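# mind looking at a prediction? Sequence and model below.
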Amino acid sequence: MKYQNILTNDKAQCVICPRNCILSEGQSGFCSVRTNVGNNIVLTSYGRNTGLAIDPVEKKPLYQFYPGTAVLSFGTTGCNMGCRFCQNWKTTKTKIDTALLNRTSPQEIVQIAEKYNCKSVAFTYNDPVIFFEYAIDTAKLCRRRGIKTIAVTSGFINDEPAREFFQYMDAANIDLKGFSDEFYRKNCLARLQQVLDTIKYACNETDCHVELTTMLIEGENDGDDMIKAQCRWIMENIGACVPLHFSAFFPNYKLTNKKATEFSTLLRAYKTAIENGIKYVYTGNISTVETSTTYCKNCGQPVIIRNGYNILKYNLVNGDCVFCKTKCDGAY
């Protein structure tokens, strides 16, 4: 195990993520799958997953990374985030005996992706940061076979492992869950700054295509001032052309007392982001044709017209707008 510190004869520290869990023999970290075995941190979920599915890449959500192509998606169990609003809590927050999960090796995942003509493999459903070795080994094999790799992550990872992680990712959707440290501490049991550092690194220092997603919870992270502050940070630190998705919260896990997000809330954030200079803005799990369409950053014409995840019309040629020939940011 590369990212660990041996502290004593029976204590080891996992340093994959900022929790930096110190573990005694047999003890698992916050994520529940990185465990001290023989004074080494071992990924107990390696080669195990909660199922595989073929999705449109738009469902990740990635709207500007080979639009309309198929992606083979899989995840494991556990998570290093403590989100009270987790939409996948039955696999991320429930302690599952990993021996009961599906066994699928990295080689088998690549074979399945090839069999079903998937352009990419996505590490998703739970955060690939915690199944780091399984994701990286799979990603390396994908690269050799010409298959693209996608990480759907909260970006709560330490700097050194982040450098290795994003080296093998062709695209990532990073959750920017709210734009205040108070929100992160209260609702995610985490801190904002490390996530911002990860986003800056992935966008500015790697070749990874990055899109961001913020799930809006009314009364928690949907205020106009917070959305404006988030947009200002994006403009100043990673630029106007990083796609930004706003998705709706549905009552789940420990926030069943909150109401589902109204589309009007998503639409308000969508318009605020555009007014503050973000070039590519979308609404996700509740949308209209207007709010799921990609517009040319130069002429404003619709270059990929969508209804949700479905592409209705494609006005790009080799990634260039057919109306003004401007390159649309992303991969096509």
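That came through, no problem.
# which residues touch whichever strand in the chain runs longest?
Looking across the chain with DSSP state E, the single longest strand is strand 209-216. Residues outside strand 209-216 that contact it (Cβ atoms under 8 Å, 6 or more residues apart in numbering) are 61-65, 85, 87, 170-179, 199, 202-203, 221-222, 230, 234, 238, 242-249, 261, 265-266, 269, 284, 330-331. C-beta coordinates here come from the backbone N, C-alpha and C atoms, glycine included.
# and the helices in the stretch 101-250 of the chain?
106-115, 132-144, 159-167, 181-187, 192-205, 224-237 (DSSP state H, counting those that start in this stretch).
# could you dump the ones you listed into CSV and include mean neighbour count, mean pLDDT and distance to residue 33?
As requested, these are exported to CSV (neighbours: other Cβ atoms under 10 Å; pLDDT from 0 to 100; distance: least, Cβ to Cβ, whole Å):
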stretch, mean neighbour count, mean pLDDT, distance to residue 33
helix 106-115, 17, 98, 17
helix 132-144, 20, 98, 10
helix 159-167, 17, 98, 15
helix 181-187, 16, 97, 22
helix 192-205, 18, 98, 20
helix 224-237, 16, 98, 31
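# including distance to residue 77, could these go into a markdown table?
Below are the helices of the stretch 101-250 of the chain laid out as a markdown table (distance: least, Cβ to Cβ, whole Å):
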| stretch | distance to residue 77 |
| --- | --- |
| helix 106-115 | 16 |
| helix 132-144 | 12 |
| helix 159-167 | 19 |
| helix 181-187 | 21 |
| helix 192-205 | 22 |
| helix 224-237 | 30 |
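# nearest to residue 35, out of these?
helix 132-144 (12.9 Å; Cβ to Cβ).
# just the CA atoms of that closest one, as CSV, please.
Extracted in CSV, the C-alpha atoms of helix 132-144 (Å, rounded to 0.1, in the frame of the first residue of the first chain):
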residue,chain,number,x,y,z
PHE,A,132,-8.3,3.9,-5.4
GLU,A,133,-6.3,0.8,-6.3
TYR,A,134,-9.2,-1.0,-8.0
ALA,A,135,-10.0,2.1,-10.0
ILE,A,136,-6.4,2.8,-11.0
ASP,A,137,-5.7,-0.8,-12.1
THR,A,138,-8.8,-0.8,-14.2
ALA,A,139,-8.0,2.6,-15.7
LYS,A,140,-4.5,1.5,-16.7
LEU,A,141,-6.0,-1.5,-18.6
CYS,A,142,-8.6,0.8,-20.2
ARG,A,143,-5.9,3.1,-21.5
ARG,A,144,-4.1,0.2,-23.1
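# tell me what it is packed against?
strand 40-43, helix 106-115, strand 120-123, strand 148-153, helix 159-167 (3 or more Cβ pairs under 8 Å, 6 or more residues apart in numbering; DSSP states H and E).
# tell me the angle that helix makes with strand 148-153.
150 degrees (axes from the mean of the first three to the mean of the last three Cα atoms, to 10 degrees).
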